[in-house]
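In: Here is a sequence together with a model predicted from it:
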Amino acid sequence: MLVQFIGLGYIGLPTAAVVAHKGVKVHGVNVNPHVVETINKGEIHIVEPGLREVVRESVEAGTLTAATEPVAADVHLVVVPTPFKGVYEPDISFVEAATRKLLPLLKDGDTYIIESTSPVGTTEKMAELIFRERPELEGRISVAYCPERVLPGNVLHELVHNDRVIGGIDEASTAKAIEFYRLFVEGELHATNARTAEMCKLTENSSRDVQIAFANELSLICDKAGINVWELITLANKHPRVNILQPGSGVGGHCIAVDPWFIVADYPKESRLIGTARELNNYKSFWCAEKIRNAMLEFELKHGRKPLTALMGLAFKPDIDDLRESPAKYIAQKVMQSEQDNFLVVEPNIEEHSVFKLTDVDEAYERADIVAFLVAHKEFKALDWRDHKVMLDFAGVFKRS
Ligand code: SAJ
């Protein structure tokens, strides 16, 4: 059996490597020749704990190879990005391009699976495309959708142990796709149809987004009411049926801050709560930036000089080096504008940044008049609270205000 992955990014490469590590022959495809070359050397182009070893061992064993072009195979997985186009409209052009590349290679008995986060109906659309161009394959190949659900930083464990939701365009397709995931998944495999599986992925991330929006809304209310939101949430969560998430400087990353829009774009009238939550979580970052600017103005009025402000954290969540779609980075860009010299930017998880000049945690904490915690990194939790500084703890590092 040969399994082919179209897309060797944050999800495609780890999944390809895990399957190859099981002894199954895997052909990985990526448009970028540099990525292909790196993988064929047994190396990796992304950061994920444990991935390097699995890729190296699979390449050495000869079960994992990469190329820029697809080949004939038995199982084809489409794991390419689905970004935005226009104003928060899902762009499935990479999924379509991957499918078009596969068209001449598909044959009787093949299984075609989309894993990319996709708007509802994408799998059916791709099936239509395949059967329009290759009508003789209708009823002879399996077409299914199975979303990935892994948490960056814990991908290799979750790929194997998480449950999967698998939906085909018909029951035979679902069964065939389930057979493939049995090769490496130890979690349960849940059968459904393609539309439900697509919506399930969007629902999971929208659910988390809505819950975080609730916590962020509480933080805005508590700020006005003079209540410590962290204490409030801890106390409310003592109720056996209440489980509120944590507020922060906004919601980032390439999943939770993106996927809810895929529902809103197609069902705008019906998804008011989901859309409002998205807007609220975006607003929270703007609100944090305003708070920092106001604190700086107040300081200047009181002390007759401009303050030095430390911005603590740039990553999109604690203890990672990923800055994509990061609310902290957005806040830093917004407050710094033309006053770079009045800021110290701290991000202990990266060595350097092309835009921000980085300062060491302790040095910034010592020197700053105003300290704004944008991410709750472990290095910040190890600091002691300073009463004489203006402390803006948006991330709940100390949970004191
Ligand atoms: N955040 C809060 N408060 C919280 C929890 C998170 O403000 O209580 C913020 C984080 O700081 C971050 C953002 O939300 O900015 C998202 O972080 P996350 O840890 O919730 O999620 P991701 O984006 O790393 O991964 C999510 C996961 N989805 C769910 O938990 C439902 C993961 O399982 C998915 O596979 C991934 O999205 C994806 O690829 O879709």
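Out: It's in. Numbering: from 1, shown residues only.
In: how many other residues sit next to the residue of the stretch 301-401 of the chain found nearest the ligand?
Out: Residue nearest to the ligand within the stretch 301-401 of the chain (CB to the nearest ligand atom): Lys317, separated by 3.6 Å. C-beta coordinates here come from the backbone N, C-alpha and C atoms, glycine included. For Lys317, the tally of surrounding residues (other CB atoms under 10 Å) stands at 22.
In: contacting residues for it?
Out: With contact set as CB atoms under 8 Å, 6 or more residues apart in numbering, Lys317 has these partners: Gly252, Gly253, Val375.
In: let's go with 10 Å and repeat that
Out: 151-153, 248, 251-253, 256, 326-328, 375-377, 395 (CB atoms under 10 Å, 6 or more residues apart in numbering).
In: What of Leu297?
Out: Leu297 is in contact with Lys306, Pro307, counting by CB under 10 Å, 6+ apart.
In: ok so, going back, quick one: the residue of the stretch 301-401 of the chain closest to the ligand is in a strand?
Out: No. Applying DSSP: H, G, I helix; E, B strand; the rest coil, one finds Lys317 to be coil, outside a strand.
In: who in this structure is up against the ligand?
Out: With CB under 6 Å from any ligand atom as the criterion, the chain comes near the ligand at residues 148-152, 204-205, 208, 212, 245-246, 248, 251-253, 255-256, 316-317.
In: ranges for the strands of the stretch 1-150 of the chain?
Out: When assigned using DSSP state E, counting those that start in this stretch, the strands of the stretch 1-150 of the chain occupy the ranges 2-6, 25-29, 64-67, 75-78, 84-85, 89-90, 111-114, 142-145.
In: With the stretch 201-350 of the chain instead?
Out: Assigned by DSSP E, counting those that start in this stretch, the stretch 201-350 of the chain shows strands spanning 309-312, 343-346.
In: want to throw those into JSON lines with mean pLDDT and mean neighbour count?
Out: Below are the strands of the stretch 201-350 of the chain laid out as JSON lines (pLDDT from 0 to 100; neighbours: other CB atoms under 10 Å):
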{"stretch": "strand 309-312", "mean pLDDT": "98", "mean neighbour count": "26"}
{"stretch": "strand 343-346", "mean pLDDT": "98", "mean neighbour count": "24"}
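In: picking that back up, phi first, then psi, for the residue of the stretch 301-401 of the chain closest to the ligand.
Out: phi -160, psi 170 (degrees, to the nearest 10).
In: repeat for Ile244
Out: Here is the backbone geometry of Ile244 (degrees, to the nearest 10): phi -80, psi 140.
In: Let me see the contact set for the closest residue to it other than its chain neighbours.
Out: What sits nearest to Ile244 in space, not counting adjacent residues and going by CB to CB, 6 or more residues apart in numbering, is Ile233, at 4.8 Å. Shown in contact with Ile233 (CB under 10 Å, 6+ apart): 214-215, 218-219, 222, 242-247, 396, 399.
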